[in-house]
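S.K.: What follows is a predicted protein model with its sequence.
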Amino acid sequence: MRKIEVFDTTLRDGEQSAGVNLNTLEKVEIARQLERLGVDIMEAGFPAASKGDLQAVKMIAETIKNSSVTGLARANEKDIDAAWEALKGTSEPRLHVFLATSPIHMTYKLKMTTDQVLDTAVAAVKYAKKTFAHVQWSAEDACRSDKQFLVRIITEVIKAGATVINLPDTVGYRAPEEYGSLFRFIKENVPNIEGVKLSAHCHNDLGMATANTLAAIENGADQIEGTINAIGERAGNTGLEEIAVALHIRNDFYQANTGLKLDEIKRTSNLVSKLTGMIVPSNKSVVGNNAFAHESGIHQDGVLKQKTTYEIITPELIGVTSNRLVLGKHSGRHAFKNKAVEIGFELTDQKLNQAFTTFKDLADKKKEVTEDDIFAILTNTQTEAKDVKEYELKSLQVQYGMDNIPTATIAVVKPDGEYLQEAATGSGSVEAIYNTIEKLVEGSAVLLDYKIHSVGGGRDALAEVFVQVKYNEIESSGRGTAQDVLEASARAYINGVNRVRSSHELKTKKVTV
Ligand code: KIV
Ligand code: ZN
């Protein structure tokens, strides 16, 4: 049985998804869960992109012990130095450096000849090897590159010290047979490939990322790259959960496995979805809410008689637990702490107290407090940066009637401590709230996108609102949870504004790749 290494890029390529921007605490929380899931390598970010990115990669590198942490760099000394600054504390520093090799990228983006590209790639790998123990080199847009040029440049970067070669399908262009044959070709034609790992990195523009990654495995890939929930640039990357479960279920065919703990998949998926605001579609393979639902009578009848008639994956395999009532309003701090640990949270005493107070407030209002509710409370508490001065929602009142103009009255405490109250109208309750918030905050705030969903089921479920805002010309996401949809809406908008205010790194335009 071959072991396929898993290189997770949720925090780098995944974070490049439109509308996603995670704060450092959110990144660390995801990194901790990726470690629990058992990824071999996690790409924690792109340190040269901004000061904030560098700090986040550094903090993740200092926190994570059981997975190798890496960072991305373009093929220049400045980027490699930034990555070193972030990663030098790890036991075996690892760098991911890339340069485009396709005629389209070389001509129009890099404006370089093939020889210049080759020299730049070799120089970057040599420079990186002075400090980094492991260097992975990626031929960006490998799939639209000349194969003979790929052989030439890969041979040279291996001589320079690269120990992993990644062949990305950067624009999601190839069909599985073609992508697989590229791996075979490189294995057969690069003279010094022995002992060097080949990595697959696919994008999903034509919906073929998973099939392409599996084709690469069939043709000798040693490592696969992807993200949780298949998030990522444009149509996303390969979903790691799909590859891990496909290899597990079709072990007879692929004769390969990852080292992922499959029963951590659902929790990882939930956490990434909650923190990125990228809601998993119900019909998403492996982790969608309907992945195990049987709707048609014929199917239900079959499953009742014998599960395997229509079910090839069991919910238990990926760690789906029934969302039963777990704690009630009489539950004490001790029981709450035990539950927090059981569902995978490591909290300081201060965060535990904060979460416990929120839980008690909810338990007073809600009949049944489920595992989903507790997960939402703990995730919010764990990732809330309290050390920055923010706008704080103090009160919210909304008047609505079918024949009246909706009016919101809101009070906040400003970052300088001043208490402020305003009122405004709107064509609906949410618009009235958002018009009021725009009057309360200094600077210009504009709503770009709004999404709402419920945490678990039931008429008294918590509401979770995700917004995309532009505050003082800087775009950010925002997240708010409350039992009332209007309060969750207000919290999400204020959270979006606060994120811009508190993240200095967002104030300068971030470099993305
Ligand atoms: O898709 C891609 O080519 C990338 C590289 C930076 C590896 O993400
Ligand atoms: Zn990519």
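M.R.: Thanks, I have it. Numbers count the residues shown, from 1 in each chain. Ligands and ions are numbered 1, 2, ... in the order given.
S.K.: check which helix or strand covers Ile4.
M.R.: If you go by DSSP states H and E, Ile4 is part of strand 2-8.
S.K.: Counting by contacts, list what the helix or strand following that strand packs against.
M.R.: Under the assignment DSSP H and E, the closest C-terminal helix or strand after strand 2-8 is helix 24-37. Using 3 or more C-beta pairs under 8 Å, 6 or more residues apart in numbering; DSSP states H and E as the contact criterion, the secondary-structure elements in contact with helix 24-37 are strand 41-43, helix 51-63, helix 265-276, helix 371-382. In short, each C-beta sits where N, CA and C put it, glycine included.
S.K.: okay, these in CSV with mean pLDDT next?
M.R.: Supplementary listing: the helices and strands packed on helix 24-37 in CSV, determined by pLDDT from 0 to 100:
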stretch, mean pLDDT
strand 41-43, 98
helix 51-63, 96
helix 265-276, 97
helix 371-382, 92
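S.K.: Report the buried residues of stretch 463-482.
M.R.: For stretch 463-482, the buried set under the neighbour-count rule, 16 or more other C-beta atoms under 10 Å, comprises 463-469, 471, 474-482.
S.K.: what do you get for stretch 297-306?
M.R.: For stretch 297-306, the neighbour count (16+ other C-beta under 10 Å) marks Gly302 as buried.
S.K.: related to what we said a few turns ago, can you tell me the strand partners of the strand holding Ile4 and which way each runs?
M.R.: Its sheet considered, strand 2-8 pairs with strand 41-43 (parallel), strand 223-226 (parallel), strand 256-258 (parallel) by DSSP bridges.
S.K.: right, and those - which one's nearest ligand 1?
M.R.: Of all the strands paired with strand 2-8, it is strand 223-226 that lies closest to ligand 1, at 7.7 Å by C-beta to the nearest ligand atom.
S.K.: What's the mean pLDDT across that closest one?
M.R.: The predicted model gives strand 223-226 an average pLDDT of 98.
S.K.: Just the C-alpha atoms of that strand, please, in PDB.
M.R.: Output for strand 223-226, consisting of C-alpha atoms alone and laid out as PDB, is shown next (Å, rounded to 0.1, in the frame of the first residue of the first chain):
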ATOM      1  CA  GLN A 223       2.200  14.000  -2.600                       C
ATOM      2  CA  ILE A 224      -1.100  15.700  -3.300                       C
ATOM      3  CA  GLU A 225      -2.100  19.200  -2.600                       C
ATOM      4  CA  GLY A 226      -5.500  20.600  -1.900                       C
END
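S.K.: helix or strand right after it?
M.R.: Per DSSP H and E, the first helix or strand lying C-terminal to strand 223-226 is helix 240-249.
S.K.: what's the strand holding Ile4 in contact with?
M.R.: 34, 38-43, 70, 197, 199, 201, 217, 221-228, 240, 243-244, 247, 255-260 (C-beta atoms under 8 Å, 6 or more residues apart in numbering).
S.K.: Would you show me how to pick out the buried ones of those residues in PyMOL?
M.R.: Here the buried members of the contacts of strand 2-8 are turned into a PyMOL selection, burial being counted by 16+ other C-beta under 10 Å:
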select buried, resi 34+38+39+40+41+42+43+70+197+199+201+217+221+222+223+224+225+226+227+228+240+243+244+247+256+258+260
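S.K.: From the contacts of strand 2-8, list the ones also adjacent to ligand 1.
M.R.: His201 (C-beta under 6 Å from any ligand atom).
S.K.: Kindly report the residues of the stretch 401-513 of the chain close to ligand 1.
M.R.: Near ligand 1, the residues belonging to the stretch 401-513 of the chain are Val513 when assessed by C-beta under 6 Å from any ligand atom.
S.K.: Can you name the residues that contact Leu393?
M.R.: Contact partners of Leu393, counting by C-beta under 8 Å, 6+ apart, are 410-412, 487, 490-491, 494.
S.K.: That one belongs to a strand?
M.R.: Yes - membership of Leu393 in a strand is supported by DSSP: H, G, I helix; E, B strand; the rest coil.
S.K.: Dig out what it forms beta bridges with.
M.R.: Under the criterion DSSP bridges, Leu393 forms beta bridges with Val412.
S.K.: quick one: it and ligand 1, what's the gap?
M.R.: Per C-beta to the nearest ligand atom, to the nearest Å, Leu393 is found 38 Å from ligand 1.
S.K.: ok, back up a step: so which of the contacts of Leu393 belong to helices?
M.R.: Secondary structure defined by DSSP state H assigns 487, 490-491, 494 of the contacts of Leu393 to helices.
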